[in-house]
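> Turn this into a structure:
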Amino acid sequence: MDTRVRHRRITIGPVDTFYREAGPHDAPVVLLPHGYPCSSFEFRNFMPRLADRWRLVAPGSPSGRRSPSWR
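This is a model prediction of the structure:
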């Protein structure tokens, strides 16, 4: 089973957002939101441990370091 955390981007309207994803696409989804001033980085070690059972999605903030609007 692949439990690697993948780094992805999605554009919704004018907003380009970074997110982390792990787990099989057909598994139940668990959304891992974070609050300010944290980021999806806080879930980096947690996600591989649960990726064998669930599809985990940790969105970044549109104004986060990995999003173009931050630069």
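
> rest of the way, CA atoms for contacts and neighbours
OK.

> what's the span of stretch 27-45 from first residue to last?
Across its full length, stretch 27-45 reaches 19 Å end to end, with CA to CA, to the nearest Å as the criterion.

> can you list contacts of that stretch?
Residues outside stretch 27-45 that contact it (CA atoms under 8 Å, 6 or more residues apart in numbering) are 5, 19-20, 53-61, 64.

> hey, where'd the helices end up in this protein?
Assigned helices in the chain, in chain order: 47-50 (criterion: DSSP state H).

> Can you tell me, leaving aside adjacent residues, what's nearest to residue 7?
Spatially, and ignoring its direct neighbours in sequence, residue 7 is nearest to residue 20 (4.8 Å; CA to CA, 6 or more residues apart in numbering).

> who does that neighbour bridge with?
Legend: beta-bridge partners of residue 20 under DSSP bridges are residue 7, residue 58.

> Please report the distance of it from residue 35.
The spacing between residue 20 and residue 35, counted by CA to CA, is 15 Å.

> Between the two, tell me which one has more neighbours.
Summary of the neighbour comparison: residue 20 and residue 35, criterion other CA atoms under 10 Å, with residue 20 having more neighbours (20 against 9).

> how far away is the more buried one from residue 8?
Separation of residue 20 from residue 8 (CA to CA) stands at 6 Å.

> follow-up on the earlier one: doesn't residue 10 make contact with the residue nearest to residue 7?
No. Between residue 20 and residue 10 there is no contact, the gap being 10.9 Å when judged by CA atoms under 8 Å.

> give the contact list for residue 50.
Each residue near residue 50 by CA under 8 Å, 6+ apart is listed here: 3, 23, 56.

> nope, residue 24 is what I was after
2, 51-52, 54-55.

> Kind regards, and thank you for your time.
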